[in-house]
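can't give you the sequence, but here's the structure:
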């Protein structure tokens, strides 16, 4: 189903390591309550063995800080996590995302508020006021019967107290087809190892600036990615890095 909506996969850049954009059919993104979906692209690695996904978090930080063609780049990744509400434990699909995630998508909360960069500014904690979460409309309906009292409620996520601050719109189920997200928390709440240059688990979505050409944006990111890989291979040796370099498709 995902393949059916991919209208273009454009390999960009020259060299052994290549950052590529997967431009998703506007029909898919128009189903989501995001602003100007035609400006959104996903940034991925591409190689013969089907690497997929985005580079590690330190490389994403360089993408975010050094590019000239995006108004915003956001990293995110979903996985199962343990949650306890009023002493009732369960497992949910939780998503870590950078503080600008909702801003990049142009996504407003259905009720309450989304989190922003300030809520993702303290390593290990999230924001200065403590960990926060935005839950999905579907989870709000199933777990809280759409009660307004859910906003401000403190839950236990992986044994940590987290405050629910908002509910995402009913039409928004996340950016990974087939994996509806129950709640989203700031990426600074993720374990330190998940933000290391050895950890490949992220996806990256970006919003191109008006008039930006995808080929130019991709070439710029590719240069940053190659430099990151060269530096990593010469120092800490990212597992599989040399193998990936040989197997890349150009």
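Received, thanks. Small disclaimer: the values here were computed from a predicted structure and weren't measured.

Could you use CA atoms for every contact and neighbour count after this?
Fine.

so what strands line up beside the top strand by length along the chain?
Longest strand in the chain, counting residues (DSSP state E): strand 70-85. Taking DSSP bridges as the criterion, strand 70-85 forms sheet pairs with strand 88-97 (antiparallel), strand 154-157 (antiparallel), strand 203-208 (antiparallel).

Centre of the chain to that strand, how far?
Here strand 70-85 is found 6 Å from its chain centre; the criterion is Cα atoms, centre = their mean, to the nearest Å.

Mind listing residues that contact that strand?
Residues from elsewhere that reach strand 70-85 (Cα atoms under 8 Å, 6 or more residues apart in numbering): 57, 60, 63-64, 89-101, 104, 155-159, 181, 187, 201-209, 212, 217.

what about 6 Å?
Strand 70-85 has contacts (Cα atoms under 6 Å, 6 or more residues apart in numbering) with 64, 89-98, 101, 104, 155-158, 202-209.

buried residues in it?
For strand 70-85, burial by neighbour count (16 or more other Cα atoms under 10 Å) applies to 70, 72, 73, 74, 75, 76, 77, 78, 83, 84.

list the contacts for residue 69?
Contacts of residue 69 by Cα under 6 Å, 6+ apart are 208, 209, 212, 217.

Counting only helices, which of the residues you listed make the cut?
Under the assignment DSSP state H, the contacts of residue 69 contribute residue 217 to helices.

and which of the contacts of residue 69 is nearest to residue 197?
Residue 197 lies nearest to residue 217 out of these, by Cα to Cα, at 22.5 Å.

excluding its backbone neighbours, what's nearest that closest one?
Once flanking residues are discounted, residue 217 sits nearest to residue 69: 5.5 Å by Cα to Cα, 6 or more residues apart in numbering.

Next one: that neighbour, what pLDDT does it get?
Looking at residue 69, its pLDDT reads 94.

Angles on the backbone of it, please.
phi -120, psi 0 (degrees, to the nearest 10).

That one and residue 220, how far apart?
Using Cα to Cα, to the nearest Å, one gets 9 Å for the distance from residue 69 to residue 220.

can you check residue 73 too?
14 Å.

what does residue 108 give?
Relative to residue 220, and taking Cα to Cα, residue 108 is found at 30 Å.

hey, where'd the helices end up in the chain?
Secondary structure of the chain (DSSP H): helices at 2-5, 26-29, 57-66, 101-105, 137-144, 214-234, 241-247.

Name the residues that touch stretch 58-66?
Outside stretch 58-66, the residues that touch it by Cα under 6 Å, 6+ apart are 73, 197.

can you check stretch 194-208 too?
Stretch 194-208 has contacts (Cα under 6 Å, 6+ apart) with 39-43, 53-54, 56-58, 69-77, 238.

picking up where we left off before, out of the helices of the chain, which is the most enclosed?
For these, the largest average neighbour count (mean count of other Cα atoms under 10 Å) is found in helix 101-105, namely a mean of 21.

what about that helix, average pLDDT?
For helix 101-105, the per-residue pLDDT averages 96.

ditto for stretch 207-219
Here the average pLDDT along stretch 207-219 is 90.

Just give me how far that stretch sits from the chain centre.
With Cα atoms, centre = their mean as the basis, stretch 207-219 stands 19 Å off its chain's centre.

now do the same end-to-end measure for it.
Stretch 207-219: ends 16 Å apart by Cα to Cα.

For the remainder of this discussion, apply numbering that starts at 35.
That works, and once the first residue is 35, the last one we named lands at stretch 241-253.

And the spatially most central residue of the chain, how close does it get to residue 228?
For the chain, residue 110 is the residue whose C-alpha lies nearest the centre (Cα atoms, centre = their mean; 1.7 Å). As for residue 110, its distance to residue 228 is 11 Å (criterion: Cα to Cα).

And residue 237, by the same measure?
13 Å.

Which one of those two is surrounded by more residues?
Neighbour count, other Cα atoms under 10 Å: between residue 237 and residue 228, residue 237 has more, with 24 against 16.
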